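> Quick one, fold the following:
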Amino acid sequence: MQSLDILVPTAFGLEALAAREVAGLGYEGAEVTNGQVAFRADWDGVARANIGLRTGERVLIRVGEFEARTFDELFDRTRELPWDDLLPEDALFPVEGKSQDSVLSSVPACQAIVKKAVVEALRRRYRRERFEETGPRYRIQVALKQDIATLTLDTTGIGLHKRGYRKLVSEAPLRETLAAALVMLSRWNPDRTLVDPMCGSGTILIEAGLIGRKIAPGLLREFDASAWPVIPAGTWRAAREEAESAIDRKVTLRGLFGSDVSSEVLGLARHHAKLAGLEQELNFERKSVGEFRTQKKYGYMITNPPYGERLGERAEVESLYREMGRVFARLDTWSCYVLVAHPAFERLFGRLSNKKRKLYNGRIRCDFYQFFGPKPPRPEPDATDPSGPT
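Next up is the predicted model:
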């Protein structure tokens, strides 16, 4: 089978998690760099990565990489690449670009040069002057960094954070990829109660449910490469069947509970849980953080509270963080994980974290504060106990 050079971009701080996921798919030796994981695989790997990766942003094929200081170099080296082995005669191939610290700084000009070079490469195979571009999409990106040009094909299309269950969004949605990363970093497991007291549209809890059931995040959606004729017949079907067979339908999720002060976003959360197939596993209730009470022991709290980025909101969120600290102080057997951008969060929360990790929520630099609780001395009572937080 054809061996491909695959790149998986990630949010900064999630590279190691993505590499661990790649290894879990059976592809060893992943190379980790800032904001990216690279590995070798065949077309089966392209399908499996798109369907199975929780923390990657998309799955790219690196077609070529070379030095380019002039437009002639960019054109000639791009034309030499095997585009005609990848793109069919009717391919739709838009070109996107970016440039950083490079002589070729005009992104529109680089895009135009690459487009022209790819057309020239396709003419060798198809012996025609014009290409109608009415077929499947092959999104090409030219990325220049310090005069090194990297040419990739995007197999994903809409980013991997679009799982398919979140048709509606709240005012400040947390990306599904980052929500999954928070759950994975906490090392939560399905036999423990998990609460998000500021759950918004429910993304953290839904991602936890998918992880707990071992449901691949890409099962509900399609990808650009699903329509590529170059990929052997049955590849996508086999990858989906493999993901379906891996679902743990017997696991009993001990308790996934979300609350928020907004009835509107809780309506979104319930809608999204239903679309994700987790309607029966997730419980949502309208209440404030200060109203949170529970008799459960050894639970997890994972949350992404408001940051107060807008003018006039800072005092309000600082008061919220103090209230969170008072609530958590009562939960001496719980573990708590909080993603915030406020540099003084620990002081406001009233406790130093056991560990913190720098992450980015979009362009916002955040810290993921981790407060570890003790391990339970023995298994908790019947996991079907419906009482939950009260």
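> Mind checking what secondary structure the closest residue to residue 291 other than its chain neighbours has?
Nearest non-adjacent residue to residue 291, counting by CB to CB, 6 or more residues apart in numbering: residue 259, 7.9 Å away. The C-beta positions use only the backbone N, C-alpha and C, and glycine is treated the same way. Reduced to three states with DSSP: H, G, I helix; E, B strand; the rest coil, the structure at residue 259 is strand.
> mind checking how far residue 259 is from residue 188?
18 Å (CB to CB, to the nearest Å).
> residues in contact with residue 238?
44, 47 (CB atoms under 8 Å, 6 or more residues apart in numbering).
> Which per-residue confidence value corresponds to it?
Looking at residue 238, its pLDDT is 97.
> and what of residue 254?
At residue 254, the model reports a pLDDT of 71.
> Tell me if I'm right that it and residue 193 touch.
Yes. If you go by CB atoms under 8 Å, residue 254 and residue 193 touch, sitting 5.6 Å apart.
> and this protein, what are its domains?
Using automatic domain parsing, the domains assigned to the chain come out as 4-154, 176-219+250-371.
> okay if I get these as CSV plus distance to residue 377 and mean neighbour count?
As requested, those are arranged in CSV below (distance: least, CB to CB, whole Å; neighbours: other CB atoms under 10 Å):
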stretch, distance to residue 377, mean neighbour count
domain 4-154, 29, 18
domain 176-219+250-371, 9, 19
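> For residue 229, find the nearest of those domains.
Between residue 229 and the domains of the chain, the tightest spacing by CB to CB is seen for domain 4-154, at 5.5 Å.
> circling back: reformat the domains of the chain as JSON lines; add distance to residue 228.
Putting these into JSON lines (distance: least, CB to CB, whole Å) gives the following:
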{"stretch": "domain 4-154", "distance to residue 228": "6"}
{"stretch": "domain 176-219+250-371", "distance to residue 228": "16"}
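> can you list contacts of stretch 88-108?
So stretch 88-108 is contacted by 68-71, 74, 87, 110-112, 114-115, 118, 122, 125-126, 128, 131-149, 228-230 (CB under 8 Å, 6+ apart).
> switch to 6 Å and redo it
Contact with stretch 88-108 is made by 69, 110-111, 114-115, 126, 133-135, 137-147, 229, as judged by CB atoms under 6 Å, 6 or more residues apart in numbering.
> same thing with stretch 285-298?
Contacts for stretch 285-298 (CB under 6 Å, 6+ apart): 193, 197, 259, 261, 263, 266, 323-324, 327, 333, 376, 389-390.
> try 8 Å this time
Applying CB under 8 Å, 6+ apart, the external contacts of stretch 285-298 come out as 192-193, 195, 197-198, 255, 257-263, 266, 305, 320, 323-324, 326-327, 331, 333-334, 373-376, 380, 387-390.
> Which ones among these lie within strands?
In strands, defined here by DSSP state E, the members of the contacts of stretch 285-298 are 195, 257, 258, 259, 260.
> could I get those as TSV with distance to residue 51 and pLDDT?
Putting the ones in strands among the contacts of stretch 285-298 into TSV (distance: CB to CB, whole Å; pLDDT from 0 to 100) gives the following:
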residue	distance to residue 51	pLDDT
195	29	97
257	29	96
258	26	97
259	32	96
260	31	95
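> wait, which of those is closest to residue 153?
residue 258 (38.6 Å).
> hang on, residue 337 in a helix?
No. Residue 337 is assigned strand when assessed by three-state DSSP, not a helix.
> Might one say that it is in contact with residue 299?
No. In this structure residue 337 lies outside contact range of residue 299 using CB under 8 Å: 11.6 Å.
> so what's residue 133 closest to, chain neighbours aside?
Distances taken as CB to CB, 6+ apart put residue 92 closest to residue 133, at 4.4 Å, once the chain neighbours are dropped.
> Now do the one you found against residue 118, distance only.
Computed as CB to CB, the residue 92 to residue 118 distance reads 12 Å.
> Next: residue 145.
Taking CB to CB, one finds residue 145 at 20 Å from residue 118.
> Mind listing the residues bridging to residue 41?
residue 4 (DSSP bridges).
> Helix, strand or coil: sort out residue 9 for me.
For residue 9, the assignment made with three-state DSSP gives strand.
> Pull the contacting residues for it.
Neighbour list for residue 9: 35, 36, 56, 57, 58, 60 [criterion: CB under 8 Å, 6+ apart].
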